[in-house]
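S.K.: quick one: sequence plus predicted model below, questions after.
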Amino acid sequence: MANDPLVERQRLVQLYAGLTDGELMKLASEQDELTETAFLVLQEELRRRDFEPGIVERRASWDDVVERRLDSEGEIDLRKLVPVRQFRDMPDALLAKGLLESAGIECFFGDDNIVRLDWFISNLVGGVKLLVKPEDAALSHEILENPSEPFMVEDDE
């Protein structure tokens, strides 16, 4: 019985219980894409972990990504992020992230966990998104379009 709702519910309960808080918050930020059963199981898991009601807001698109994290005083710090690239596979995404970080640009991934769980649906979710602060977007585009030439370290021999 592949379409048994009880089996699907149990599968989702186990899946969501195994997610980290960050992965669960990411999933919750995309809750409008979930089935009704998945949405209900997600809400139960959020309540089980004592997340405050309303802590997760819906967003319409990747043009309005908000990163949530706690600041030094325990308050939620909201930062708007914009996507600069999308990747089908994690290795390419990790290389680009490393390139930006080596240039001193703080960057984050979007949808990386879902792609890591099942790479086959990468195209469905739009791949792994590389996100930066809006003020770093232009420089990030430039760095990713024109990466510097690799350098060679001279051998001491």
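M.R.: Yep, that arrived. Residues are numbered from 1 along each chain as shown.

S.K.: CA atoms for contacts and neighbours, from now on please.
M.R.: OK.

S.K.: and the next helix or strand past whichever helix or strand Asn113 is part of?
M.R.: Assigned by DSSP states H and E, Asn113 belongs to helix 112-117. Once helix 112-117 ends, the next helix or strand along the chain (criterion: DSSP H and E) is helix 122-125.

S.K.: ok, now how distant is Leu130 from Pro91?
M.R.: 12 Å (C-alpha to C-alpha, to the nearest Å).

S.K.: these two: which is more packed in?
M.R.: Legend: neighbour count by other C-alpha atoms under 10 Å for Leu130 and Pro91, higher for Leu130 (24 against 10).

S.K.: ok, for the residue positioned nearest the centre of the chain, nearest residue in space, not its chain neighbours?
M.R.: The centroid of the chain falls nearest to Gly110 when counting by C-alpha atoms, centre = their mean (2.6 Å). In this structure, Gly110 finds its nearest non-sequential neighbour in Lys129, 4.7 Å apart by C-alpha to C-alpha, 6 or more residues apart in numbering.

S.K.: just the pLDDT for that neighbour.
M.R.: For Lys129, the pLDDT comes out at 89.

S.K.: what's the burial count for Glu44?
M.R.: A count of nearby residues for Glu44, using other C-alpha under 10 Å, gives 14.

S.K.: how about Leu131, what does it touch?
M.R.: 81-85, 107-110 (C-alpha atoms under 8 Å, 6 or more residues apart in numbering).

S.K.: re earlier: may I see the buried residues of the helix holding Asn113?
M.R.: Buried residues in helix 112-117, counted by 16 or more other C-alpha atoms under 10 Å: 112-115.

S.K.: low pLDDT regions in the protein?
M.R.: Along the chain, the model assigns pLDDT under 70 to residues 1-3, 32, 52-79, 148-157.

S.K.: at 80 instead, please
M.R.: Applying pLDDT under 80 to the chain flags residues 1-5, 25, 28-36, 51-79, 114-126, 147-157.
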